[in-house]
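Trainee: After the sequence you'll find the predicted model.
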Amino acid sequence: MRASDVRAAIIVVVEGASVDATAGGRDKFVHVDTGGRELEQAPDRVFRATLTQPPRRTAYLTLDAYVVEYTVDLYYTPSKQVEDRISADAEQVSYDLTILNQQADDLMVSEVQPGSVFELDNLLVARIPVLVTYRLTGVS
C-alpha cells in the first residue's frame, strides 16, 4: 500500500458515510479534487482529502510500517441548523474513519485527531485530521 492508496480509502469511507439529515436521495458526501485550490462556492457535503504530513516510518517493530496524515474538509453552506448537521456528520465520518483499517489488510490503524470548524468565504468548513498507519508495499 502507498500513501495515495490510503487517501483513496479515506475518500471511499467518507463517500459511503450515512448522513442523518438529508434533503433528498442525492444528498451525500461528494469528493472534489481541487488540486490545492480553495473552494469558493460549494454545495453542502462536498469534501476534500488533502495531505497534511508526508509519509514517514513509525516506531513499530516492523520496518514496513509507515504513517501519514490526511485532512478531511467537509464544506457546508450556512443555513438553519447547519451546526447540528455538521456535528452529526462529523460524528459519523469520524466513526467511519476510526475503522478505516477494515478497508484493506495493509491499513493497520487510523486515529482521528481533534478537528475544528471555521468559516471560509461563504462556507463553513468542518476539518477532521486523520493519522493512518499502513504497511508500505510496492517500493524496492
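Mentor: Sure, I can see it.
Trainee: buried sites along the helix or strand encompassing L97?
Mentor: Taking DSSP states H and E as the definition, L97 sits inside helix 82-98. Within helix 82-98, the residues scored as buried using 16 or more other Cβ atoms under 10 Å are 85-86, 89-90, 92-94, 96-97. Backbone N, C-alpha and C define where each C-beta goes, glycine included.
Trainee: now this protein, which segments are flagged as low pLDDT?
Mentor: 21-27, 34-44 (pLDDT under 70).
Trainee: Pairing partners for whichever strand or helix holds T133, with directions?
Mentor: T133 belongs to strand 123-135 when elements are defined using DSSP H and E. Partner strands for strand 123-135, per DSSP bridges, with pairing direction: strand 65-76 (antiparallel), strand 107-112 (antiparallel), strand 116-120 (antiparallel).
Trainee: CA atoms of that strand as PDB?
Mentor: Taking Å, rounded to 0.1, in the frame of the first residue of the first chain, the C-alpha atoms of strand 123-135 are listed here in PDB:
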ATOM      1  CA  LEU A 123     -18.800  28.400   3.600                       C
ATOM      2  CA  LEU A 124     -18.500  26.600   6.900                       C
ATOM      3  CA  VAL A 125     -15.700  24.000   7.000                       C
ATOM      4  CA  ALA A 126     -15.500  21.100   9.400                       C
ATOM      5  CA  ARG A 127     -11.900  19.900   9.400                       C
ATOM      6  CA  ILE A 128     -11.100  16.300  10.500                       C
ATOM      7  CA  PRO A 129      -7.500  15.300  10.600                       C
ATOM      8  CA  VAL A 130      -6.800  11.500  10.400                       C
ATOM      9  CA  LEU A 131      -3.500   9.800  11.100                       C
ATOM     10  CA  VAL A 132      -3.200   6.400   9.300                       C
ATOM     11  CA  THR A 133      -0.600   3.700   9.900                       C
ATOM     12  CA  TYR A 134      -0.200   1.400   7.000                       C
ATOM     13  CA  ARG A 135       2.100  -1.300   5.600                       C
END
